[in-house]
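Enquirer: how would this look folded up:
(chains A and B)
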There are 2 protein chains.
Amino acid sequence: MKTIQIYDTTLRDGAQGEGVSFSLEDKVLIARKLDKLGFDFIEGGYPLSNPKDAEFFQRLHEKPLENNAKLCAFGMTRRKGVVAKDDPGMIALIKAETPVVTIVGKTSDFHAKEVLGVSLEENLAMIRDTVEFFVSEGKEVIYDAEHFFDGWKANADYAPQTIKAAAEAGASIIVMCDTNGGSLPEEIAQITKEASSAVDIPLGIHTHNDSELAVANSLSAIDAGATHVQGTINGLGERCGNADLISVVANLALKKQGYQVLGGDGSNSGGGAERLTELSRYVYEIANMLPRNGQPFVGQSAFAHKGGMHVHAVAKAAHSYEHIDPTEVGNERRILVSELSGRSNILALATKLELDKDKDLMGRVLKEVVELENQGYQFEAAEASFEILLKKLAGTFQPHFELIKYHIDVDRLPDGTPITEATVKLQVGEEVRHEVAEGDGPVNALDGALRKALAGHFPELAKMHLVDYKVRVINSEAATAASVRVVIESRDEIESWGTVGVHENVIEASWMALVDSLEYKLCRSES
Amino acid sequence: MKTIQIYDTTLRDGAQGEGVSFSLEDKVLIARKLDKLGFDFIEGGYPLSNPKDAEFFQRLHEKPLENNAKLCAFGMTRRKGVVAKDDPGMIALIKAETPVVTIVGKTSDFHAKEVLGVSLEENLAMIRDTVEFFVSEGKEVIYDAEHFFDGWKANADYAPQTIKAAAEAGASIIVMCDTNGGSLPEEIAQITKEASSAVDIPLGIHTHNDSELAVANSLSAIDAGATHVQGTINGLGERCGNADLISVVANLALKKQGYQVLGGDGSNSGGGAERLTELSRYVYEIANMLPRNGQPFVGQSAFAHKGGMHVHAVAKAAHSYEHIDPTEVGNERRILVSELSGRSNILALATKLELDKDKDLMGRVLKEVVELENQGYQFEAAEASFEILLKKLAGTFQPHFELIKYHIDVDRLPDGTPITEATVKLQVGEEVRHEVAEGDGPVNALDGALRKALAGHFPELAKMHLVDYKVRVINSEAATAASVRVVIESRDEIESWGTVGVHENVIEASWMALVDSLEYKLCRSES
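Expert: Predicted structure coming up:
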């Protein structure tokens, strides 16, 4: 049984991803969450490069992590011609007051000479001096060997010297970084073995996903002897991202034999992975980013079955189309309703709503779904509409409002700006609500007017918002009366849900999807 | 030099992905694109399960693929107790009239017994009879061995018998399917070697991304002797998707030694990959799905450099932080503007319009396109808008009309019918034209009023009509001011063409796409 250390760099390398921006508060929350979930190392930032990171380290010094994670501050080797203790980078790292300092240095002769502009000898001195400095200051030092695999391939004499320099100076781990994400698993395995002959201290691996091999490369290095893996939650990071620690941890804990991670016991059912889904969604939420439905292990679709023949088999034997039990990563199985569905899809959703015992109802539901799908409805990105449909057919749906009328006006001002205004008149209980709103288009304006009209009665609607809106013309080859399908995705602080509307008129189709999205939220708030 | 066959199942397995829905027209467009780009096999659908697929095969029989791709129809082995020629599945496949039939059968003893409910012997007979039947009908038969690796691990006596049965019955390729996406690369390598001892015919690999190892698993099988790989464009597919053929092809063509794909010469710079970015975006556009910025090789961020130290290095030496040159996959680096040869679509169209000799113009065009794409424009499915843009920048575009104003009114009659009315006021030459029309929605109504206003001057517009209309919200993660992209497809008796508009207001975005579609037609009628 081998313990593999998990090193998270979401807050530093991950933060370099396009569209990723963490506030100080965000970073503190994520750090504490990772600590709680048993991560071994948390790289909090790059204080020389990013002044906000200096604040982060200060905050965590005042109120430290409560579990066993070791906080790491990241930086480069000292500058050429500067003594370590006078180097601003070193000073910034000392100020961070972390137990661990992670230093990145050049492995590649090309990078040393062309990018840093130093001789090969000077580069070794820079590595040695930097590591020695922090060791003498009582820090644990992790050495990130940049461009490790390319450097080794280019110059298999020089590359080992760089990591020996770090090891001899007192580094505790040498991390082999595939900085441009271009290495192949077999190269990683080969070079990891060679590197383990060059130094006596543990090896780690840090990969990028430019070839879609980051996870495979991490596992390859671990199989070849590395005992430390760096990555980010959800694979956030520059370009194509870092290795997704979610997938790495899940594979180590649940699929591969003999590895122990995150405090689990190393058996393929001994824990370490069951809070991965929660962690993944937490980080997305904090980062204000949309989760990827198809993300391995933790995505909303990871255990969602659509194809008629697959669903049939899943109903018969849970493991037959799933490689692990979804609950092992804190996820759940979903059955999708689609044009390929047979009875089993509908049955599964009806079971969840406890409507499945009524055979007559199930027959009517199937008939209605087939009919609607022929008209162009599609329910698998619109499960909320399907749930409402089911309730309507079962006679258990109570609408919260009725439409009396709506009106939309689109005008284009002389300067070219379009103005869209919608009015909505509703019956809400005893009251008639009549409101107007402007918007970026008819649907946006209708949505605004609808909410104005409902806000007084249903304040919970303030928590939901429209996230995505798709329009497709269907039956486009029909000479007359093509229909339009509108799918809306909404979310609140807990979940996201899709609704659908189909009509010849796109406004009416949008209206239907809008109403479903609000009704779904209102129904859920009551239960 | 080994040739690896690339088998695309975007239209069948990919279509099972959540939120993926291809119209007949969509499938035909994608199939022709794949054929043009040198794919070896195109799996068009599953006619027994999906009646729309039968139509697709009929359409491609009437107007076949023009290059070398072989069209495949997919289905299961014959049902138990039924003679092959009487089985509805077999009949549906024969009706598809494709050169190739792809049959999936059970490798796993568990699946044969528990899911199909047949004895192990009967399963072998079903495989044998089915393959023999299609071979006798003159088809090439590809045999997909479902749950291959799990089946082999569970029963290493039975699994080989299933593929021997298929091979002996005349199948041309045995495809090892990791159906639940749970296998590890080392298992794939091991079992592929064992399988190659069991049969004499070529082996293929079909993986899923449930463990984030689909691409690595495909490469592992190929290194172990497989010469055929199945997957989808952009990794579309159920759950976590199929192997992304974009990454598989890029790795084979540009990273690994000794493999030849898509008509390239097999050297790591010999082609086969340079149109991958174009292909990836084309399929996203047709599927009305948002591309993933961080997608390996072809994502918008794949070569986008943000980290301070990286950009500095990139400026110094292009390859230092990139594992391949972005133009090798038709992508581009962001920070530094890449050569036009990486934008094959711009160069090709400019050449066609005889504008390519003007270097200054080409520079302006590239700059403008990058700027527009940052705003959300996408020209892959909207080449008519691109052509107009090119002419505008070249100073050769003459608009046929100018908008003075438009107005739209949407009202819902007491009986629930929505009425949409649009008025349009145009300057056409010397004359002011002011017309009104009703429609199924704002865009349809605007289109009607526009044509009424232009019909007198331009009777040829009667020959064109709007075929498809797609709306996407872009930048949906931005807290404010999301934009909307509208893509319109139009056709006349000769060709079809796409146009695009982007704006915060969906009506204005639609207006822009509409105007481009009419102007394109009018320009073409003059030349």
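
Enquirer: kindly state the pLDDT recorded for A:K95?
Expert: For A:K95, the pLDDT comes out at 96.

Enquirer: so it sits against A:F56, correct?
Expert: No: taking C-beta atoms under 8 Å as the definition, A:K95 is not a contact partner of A:F56, at 11.9 Å. Where you see a C-beta, it was placed from the backbone N, CA and C, and this is true even at glycine.

Enquirer: more neighbours: which of the two?
Expert: Under the criterion of other C-beta atoms under 10 Å in any protein chain shown, the comparison of A:K95 against A:F56 puts A:F56 first, with 25 against 15.

Enquirer: which SSE is the more buried one in?
Expert: A:F56 is part of helix A:51-62, with elements assigned from DSSP states H and E.

Enquirer: helices or strands next to that helix in the packing?
Expert: With contacts taken as 3 or more C-beta pairs under 8 Å, 6 or more residues apart in numbering or on different chains; DSSP states H and E, helix A:51-62 sits against helix A:24-36, strand A:41-45, strand A:70-76, helix A:88-95.

Enquirer: in CSV: those, plus distance to chain B.
Expert: Compiled in CSV, these are given as follows (distance: least, C-beta to the nearest C-beta, whole Å):
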stretch, distance to chain B
helix A:24-36, 15
strand A:41-45, 13
strand A:70-76, 7
helix A:88-95, 12
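
Enquirer: so of these, which one's packed in deepest?
Expert: Among the helices and strands packed on helix A:51-62, strand A:41-45 has the highest mean neighbour count (mean count of other C-beta atoms under 10 Å in any protein chain shown), at a mean of 27.

Enquirer: can you tell me what sits against it?
Expert: Residues outside strand A:41-45 that contact it (C-beta atoms under 8 Å, 6 or more residues apart in numbering or on different chains): A:5-9, A:11-13, A:15, A:27, A:31, A:34-35, A:52-54, A:56-57, A:60, A:65, A:69-74, A:96, A:98, A:100, A:102, A:142, A:230.

Enquirer: quick one: the helix or strand where A:K193 lies near chain B?
Expert: Following DSSP H and E, one finds A:K193 within helix A:185-198. Yes: using C-beta under 8 Å from any C-beta of the partner chain, we find that helix A:185-198 touches chain B at A:P185, A:E186.

Enquirer: can I assume A:I474 is in contact with B:F22?
Expert: No: using C-beta under 8 Å, A:I474 is not in contact with B:F22, being 11.6 Å away.

Enquirer: between those two, who's got more neighbours?
Expert: Taking other C-beta under 10 Å, A:I474 and B:F22 do not tie; B:F22 has more neighbours (24 against 18).

Enquirer: ok, and the closest non-adjacent residue to that one?
Expert: Closest residue to B:F22 apart from its sequence neighbours, by C-beta to C-beta, 6 or more residues apart in numbering or on different chains: B:A15 at 5.6 Å.

Enquirer: pick out the residue of the stretch 301-450 of chain A closest to chain B.
Expert: Of all residues in the stretch 301-450 of chain A, A:H323 sits closest to chain B, at 2.5 Å by C-beta to the nearest C-beta.

Enquirer: show me the contacts for the residue lying closest to that residue once chain neighbours are set aside.
Expert: Closest residue to A:H323 apart from its sequence neighbours, by C-beta to C-beta, 6+ apart: B:G182 at 2.5 Å. Neighbouring residues of B:G182 by C-beta under 8 Å, 6+ apart: A:K255, A:H323, A:I324, B:D150, B:D210, B:S211.

Enquirer: tell me the pLDDT at A:L466?
Expert: 85.

Enquirer: thinking it is in contact with A:V487, fair?
Expert: No: A:L466 is not in contact with A:V487 according to C-beta under 8 Å; the separation is 11.4 Å.

Enquirer: look at these two and report which has more neighbours.
Expert: Comparing A:L466 with A:V487 by other C-beta under 10 Å, the one with more neighbours is A:V487, at 27 against 18.

Enquirer: using CSV, write out every CA atom in the next helix or strand after the helix holding A:K193.
Expert: Counting by DSSP H and E, the next helix or strand C-terminal to helix A:185-198 is strand A:203-206. C-alpha atoms of strand A:203-206 as CSV (Å, rounded to 0.1, in the frame of the first residue of the first chain):
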residue,chain,number,x,y,z
LEU,A,203,9.5,12.3,-7.0
GLY,A,204,6.3,14.1,-7.9
ILE,A,205,4.5,14.7,-11.1
HIS,A,206,2.8,17.9,-12.5
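
Enquirer: what is strand A:203-206 packed up against?
Expert: Using 3+ C-beta pairs under 8 Å, 6+ apart: strand A:203-206 touches strand A:173-177, helix A:185-198, helix A:214-223, strand A:228-231.

Enquirer: please repeat the previous calculation with a cut-off of 6 Å.
Expert: Counting contacts by 3 or more C-beta pairs under 6 Å, 6 or more residues apart in numbering or on different chains; DSSP states H and E, strand A:203-206 packs against strand A:173-177, strand A:228-231.

Enquirer: how about residues contacting it?
Expert: A:I173, A:I174, A:V175, A:M176, A:C177, A:S196, A:S218, A:A221, A:A226, A:H228, A:V229, A:Q230 (C-beta atoms under 6 Å, 6 or more residues apart in numbering or on different chains).

Enquirer: swap in 7 Å and give it another go.
Expert: A:7, A:144, A:173-178, A:192, A:195-196, A:218, A:221-222, A:225-230 (C-beta atoms under 7 Å, 6 or more residues apart in numbering or on different chains).

Enquirer: for chain A, what helix or strand is lowest in average pLDDT?
Expert: helix A:308-316 (a mean of 56; mean pLDDT, DSSP states H and E).

Enquirer: so where's chain A shaky on pLDDT?
Expert: A:19, A:266-271, A:288, A:306-320, A:334-348, A:380, A:475-481 (pLDDT under 70).

Enquirer: do that again at 50, thanks
Expert: Along chain A, segments meeting pLDDT under 50 span A:338-343, A:477-480.

Enquirer: what's the longest helix in it?
Expert: helix A:506-526 (DSSP state H).

Enquirer: that one to helix B:506-526, inter-axis angle?
Expert: 150 degrees (axes from the mean of the first three to the mean of the last three C-alpha atoms, to 10 degrees).

Enquirer: and the stretch 151-300 of chain A, which of its residues are near chain B?
Expert: Within the stretch 151-300 of chain A, the positions near chain B by C-beta under 7 Å from any C-beta of the partner chain are A:179-182, A:184-185, A:209-213, A:215-216, A:238-241, A:244, A:247, A:251, A:255-256, A:288-290, A:293-296, A:299.

Enquirer: just the buried residues of those.
Expert: A:179-182, A:184-185, A:209-213, A:215-216, A:238-241, A:244, A:247, A:251, A:255, A:289, A:293-296, A:299 (16 or more other C-beta atoms under 10 Å in any protein chain shown).

Enquirer: which of those fall within helices?
Expert: Counting by DSSP H, those contribute A:P185, A:V215, A:A216, A:S247 to helices.

Enquirer: and the furthest pair within those residues?
Expert: A:P185 and A:S247 (14.4 Å; C-beta to C-beta).

Enquirer: quick check on A:Q260: phi, psi?
Expert: Note on A:Q260: its backbone torsions stand at phi -120, psi 130 [degrees, to the nearest 10].
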